[in-house]
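Engineer: okay, sequence plus prediction incoming.
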Amino acid sequence: MDKAGYIVRKYILMTFMIVCALAAVLSGCAGSRQTENSELHSSGSAGDSAGSAAGSDEEEELQPAAGEEKTMTENIAGEEENMDEKMIVEVNGTRFTASLENNEAVNTLVEMMQENPVTIQMSDYFGFEKVGTLGTSLPKSNRQTTTQSGDIVLYQGKQIVIFYGSNSWSYTRLGKIDDLTGWKDALGNGDVAVTFSLDE
């Protein structure tokens with residue numbers, strides 16, 4: 001074999017080896033990409049499943065149990081029903097209607113008024129309220145309160161206070177006058193007798 005033929009054969013062999021090597025590298029890359037895609041797909045599916053499960057749990061938490069929903073409904077209905085309960089507040093012959101609160105003090109006061117109207121001698125205090133002793137103690141549920149004209153509260157468990165001004169103190173709310181027309185004028189400047197009775 002001459003030298004030229006030897007060089008040609010060597011060149012062809014080297015070219016073939018290079019082509020085979022490139023083919024092997026490309027094949028390996030393709031397999032790696034396929035594996036990565038497969039792993040990503042599997043990971044995405046797991047994430048979607050976890051997300052769906054989490055979403056499902058959140059939806060279940062947002063839904064109240066049947067018993068809880070019933071209790072909430074009953075409480076709201078009870079509060080609305082109590083808001084419709086009224087009492088008459090009579091001052092110097094002028095009658096006013098008051099909406100009652102929902103608490104134990106009011107329940108006890110209502111029981112007293114069911115037997116007889118409750119009349120209290122009330123004294124003026126600093127030009128914004130009238131206060132008088134009930135003669136018995138009512139259950140307290142005091143909280144810091146800023147009162148307004150027309151508010152009726154319990155002070156220290158046994159004193160009824162009616163406001164024609166405003167004050168901030170710890171009281172138990174009893175009710176509020178519905179219509180304040182003539183309220184301040186009826187209370188006047190001095191002591192007054194106030195009668196509390198149930199709305200017929």
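Structural biologist: Done, it's in.

Engineer: so which residues of this protein form helices?
Structural biologist: 3-62, 66-83, 104-115, 183-187 (DSSP state H).

Engineer: contacting residues for residue 105?
Structural biologist: Contacts for residue 105 (Cβ atoms under 8 Å, 6 or more residues apart in numbering) come out as 138-141, 154, 172, 174. Every residue, glycine included, has its C-beta placed from N, CA and C.

Engineer: setting aside sequence neighbours, what's the nearest residue to residue 138?
Structural biologist: residue 105 (4.1 Å; Cβ to Cβ, 6 or more residues apart in numbering).

Engineer: could you do residue 109 as well?
Structural biologist: Counting by Cβ to Cβ, 6+ apart, residue 109 lies nearest to residue 138, which is 6.1 Å off, once chain neighbours are set aside.

Engineer: if I read this right, that neighbour contacts residue 159, doesn't it?
Structural biologist: No. If you go by Cβ atoms under 8 Å, residue 138 and residue 159 don't touch, sitting 9.8 Å apart.

Engineer: what about residue 163, how many residues nearby?
Structural biologist: Residues lying near residue 163 (other Cβ atoms under 10 Å) number 24.

Engineer: quick check: it touching residue 129?
Structural biologist: Yes. With contact defined as Cβ under 8 Å, residue 163 counts as touching residue 129 (4.9 Å).

Engineer: give me the common contacts of these two.
Structural biologist: Jointly contacting residue 163 and residue 129 under the rule Cβ under 8 Å, 6+ apart are residue 147.

Engineer: what about residue 113, distance to residue 136?
Structural biologist: With the distance defined as Cβ to Cβ, to the nearest Å, residue 113 ends up 13 Å from residue 136.

Engineer: of those two, give the one with the bigger neighbour count.
Structural biologist: Between residue 113 and residue 136, residue 113 has the larger neighbour count (other Cβ under 10 Å), namely 17 against 11.

Engineer: so what's that one up against?
Structural biologist: 87, 196-198.

Engineer: just the buried members of these?
Structural biologist: 87, 196-197 (16 or more other Cβ atoms under 10 Å).
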